[in-house]
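Just to be clear, the model below is a prediction. Sequence and coordinates:
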Amino acid sequence: MVAISVTKPHVLELFETAPLPPQAGEVQVRVQRAGICGSDLHIIHGSNPFAKYPRIIGHEFAGQVETVGAGVEGLAPGDRVVVDPVISCGHCYACRIDRSNVCGNLEVLGVHRDGGFRDRVTVPAANAVKVPDSLPIELAALAEPFSIAANVLSRTGVDAEDSVLIYGAGTVGLTVLQVAKLHGARCIVADLDDARLERARAFGADVVINSRSQSVPEAVAGEHDGLGPSLVIDGAGVPALLEEACRLASPAGRIGVLGFSPGPCNVSQQEIVKKELTLVGSRLNRRLLPQVVQWLAEGKLRPAAMITQTFAASDAPAAFELIEKDPGSTVKVQLAFDA
């Protein structure tokens, strides 16, 4: 069995390993398709504060159930599934109030536990979400990144009354854009790169702003009759943008933060109180993969064009090299374990 591991920072290795048989309440999944995420790169670079080494990475993956452990109901060999990488304890305060994505004992596959970049992986049955036969497996593997967007927009709320400013036209920004459009919102995307902005336009952005050449606050000042955007999502992870977001958001606006930088930023208490802004953080997803799978299966999301390259799993080093050396040519790079 092929597995892809970061043995220590800056060292990516492929090796053979034997799958663990499923225990009670677990299923073994034959991985077919997996997506490379920016957080996988952070683990390679040694900049993820939660990762321990060596670590089999990968948290965006889908495949087919091969065997089930004792007591598993609702899943059987042959079922197609996408795996939710968020494993929670179920009894801490956060879990009791249905915020399991910030569980006090949180473990994420591919970060705290070995992940899905391998031919076969054993996971809790509760984390395996069924995928209909009509949904291509490569699109099923996009469910996890879309769950990140679904989570932040569930935290902030979004509807057709909203004018949404999205910072960043990378994978995070594009998924937020598509989920916001699904809810009928007007969407504005800001980025530094024209090619990325053209992708955002193709996925439904109403307005795109190149922030190298145009002031974002000036460009969005006319939203909501001159009040500014009612919803701002930081999909770029740049701490300084939070201060700008507070300045340009409308009264009663909401701001969703997805970045994980430890760097400080200047935020005006006056701006937050004067406009009664709502500022929320969003991490991972709160068991939202079933909803995302439904959107994908019903064609409410059509993200196939996000998959820009697919490599055989055995060529994983080349896939990572492409992302590092030519990031402008990639959105979502996937690994095929069934090639």
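That came in fine, so what should we check first?

What helix or strand is the residue nearest to the spatial centre of the chain located in?
The centroid of the chain falls nearest to Pro145 when counting by CA atoms, centre = their mean (2.9 Å). Pro145 belongs to helix 143-156 when assigned by DSSP states H and E.

per-residue confidence averaged over that helix?
Across helix 143-156, pLDDT averages out at 98.

how far out from the middle of the chain is that helix?
7 Å (CA atoms, centre = their mean, to the nearest Å).

next one: stretch 200-211
20 Å.

now do the same end-to-end measure for that stretch.
Stretch 200-211 has its terminal residues 14 Å apart, counting by CA to CA, to the nearest Å.

got it, and stretch 253-267?
Start and end residues of stretch 253-267 are separated by 15 Å (CA to CA).

hmm, who's touching that stretch?
With CB atoms under 8 Å, 6 or more residues apart in numbering as the test, stretch 253-267 has contacts from 49, 148, 152-153, 155-157, 172, 228-243, 245-246, 249, 275, 277-282. Where you see a C-beta, it was placed from the backbone N, CA and C, and this is true even at glycine.

ok, now with 7 Å
152, 155-157, 172, 228-235, 237-240, 242-243, 245-246, 249, 275, 277-282 (CB atoms under 7 Å, 6 or more residues apart in numbering).

same deal with stretch 209-219?
Applying CB under 7 Å, 6+ apart, the external contacts of stretch 209-219 come out as Ile188, Ala190, Asp191, Leu192, Asp194, Leu197, Glu244, Arg247, Leu248.

run the last query once more with 8 Å
165, 167, 188-194, 197, 207, 220, 244, 247-248.

what's the pLDDT at the closest residue to Ile307 other than its chain neighbours?
Leaving aside its sequence neighbours, Ile307 sits nearest to Lys332 (CB to CB, 6 or more residues apart in numbering; 5.2 Å). pLDDT recorded at Lys332 is 98.

Give me the phi and psi for Lys332.
phi -120, psi 120 (degrees, to the nearest 10).

Check Lys8 too.
Residue torsions, per degrees, to the nearest 10, at Lys8 are phi -160, psi 160.

Helices along this protein, start to end?
Counting by DSSP state H, residue ranges of the helices within the chain are 38-45, 93-96, 137-140, 143-156, 171-182, 194-202, 216-220, 223-226, 240-248, 269-274, 289-297, 316-325.

residues touching the residue nearest to Ala3 when sequence neighbours are not counted, list them.
Leaving aside its sequence neighbours, Ala3 sits nearest to Arg118 (CB to CB, 6+ apart; 3.7 Å). Contact analysis of Arg118 by CB under 8 Å, 6+ apart lists Met1, Val2, Ala3, Ile4, Thr17, Pro19, Val31, Ile56, Gly58, Phe337.

cool, Leu279 as well?
Cys246, Arg254, Ile255, Val257, Ile272.

For Gln214, see how far away the third one is.
From Ile255 across to Gln214, the span is 21 Å (CB to CB, to the nearest Å).

Next: the first one.
Counting by CB to CB, the separation of Cys246 from Gln214 is 20 Å.

Settle it for me: which of Ile255 and Gln214 has more neighbours?
Ile255 (24 against 11; other CB atoms under 10 Å).

how much space between the more buried one and Val179?
17 Å.

Buried residues, stretch 73-87. List them.
For stretch 73-87, burial by neighbour count (16 or more other CB atoms under 10 Å) applies to Leu75, Asp79, Arg80, Val81, Val82, Val83, Asp84, Pro85, Val86, Ile87.
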